[in-house]
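> Sharing a model that was predicted from the sequence below.
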Amino acid sequence: MIGEGLIVVGVDGSEPARSALDFALAEAARRSARLLVVTALQPPEYWALNSGTIYAPDQDHLEKLAEAAGQATRETVDEAVRSVDGAAAVPVETRVVQGNPAKVLIDQAVDADLLVVGHRGRGALASACLGSVSLQCVLHATRPVVVVRGIGRSGAGGGRLIAASAGSPS
């Protein structure tokens, strides 16, 4: 029965996040679960302009950023649903939440069965380590966490599983 479980996945427009989304869609289809796709929006407190002026974004500007992020997320989800077997049957909700990405994902996954994030390695040495967001999720989430490495999409979810956590005791 669809809708019994919940999987949360973080999406930021990167290739590793897309691999995580593909994995989460395939897993949600396999589990007959719902999928919550979360984009964390952490705008800078101040932006430097070409004129040398410091600009603090107002609420209207932040709302426009959130709207654009939401549109990009929905387009990414639509593309992923078309490419992952069984994903069309998965109920999907998208959400843009302002805040620190790791904290946003951990908070959004508090009632989830699984949190899925992408891995963003940079170079040979850095690729051996988890990125700061995925590491924070693995260390602090109270739910199981799967980190998917973004190395192309194939089969059920693409990428490669590189870390999993059983979650901290509640």
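In hand now; what should we look at?
> List the contacts of residue 74.
By CB atoms under 8 Å, 6 or more residues apart in numbering, the residues touching residue 74 are residue 94. For every residue, glycine as well, the C-beta is placed using N, CA and C.
> what about it, helix or strand, and which?
Element membership for residue 74 (DSSP states H and E) is helix 59-83.
> Tell me the helix or strand right after the helix or strand residue 25 falls within.
Element membership for residue 25 (DSSP H and E) is helix 15-31. As assigned by DSSP H and E, the chain's next helix or strand after helix 15-31 is strand 34-41.
> Describe which strands that next one pairs with in its sheet and in which direction.
Applying DSSP bridges, strand 34-41 is found paired with strand 6-10 (parallel), strand 92-98 (parallel).
> what's that strand in contact with?
So strand 34-41 is contacted by 2-3, 5-12, 21, 24-25, 28, 62, 65-66, 69-70, 72-73, 77, 90-101, 104-105, 108, 112 (CB under 8 Å, 6+ apart).
> repeat for stretch 87-96
2-3, 25-26, 28-29, 33-41, 66, 69-70, 73-74, 77, 80-81, 108.
> spatially speaking, which residue is in the middle of the chain?
Computing the C-alpha centroid of the chain and ranking residues by CA atoms, centre = their mean puts residue 10 first, at 0.9 Å.
> Residue 84 versus that residue, what's the distance?
From residue 10 across to residue 84, the span is 17 Å (CB to CB, to the nearest Å).
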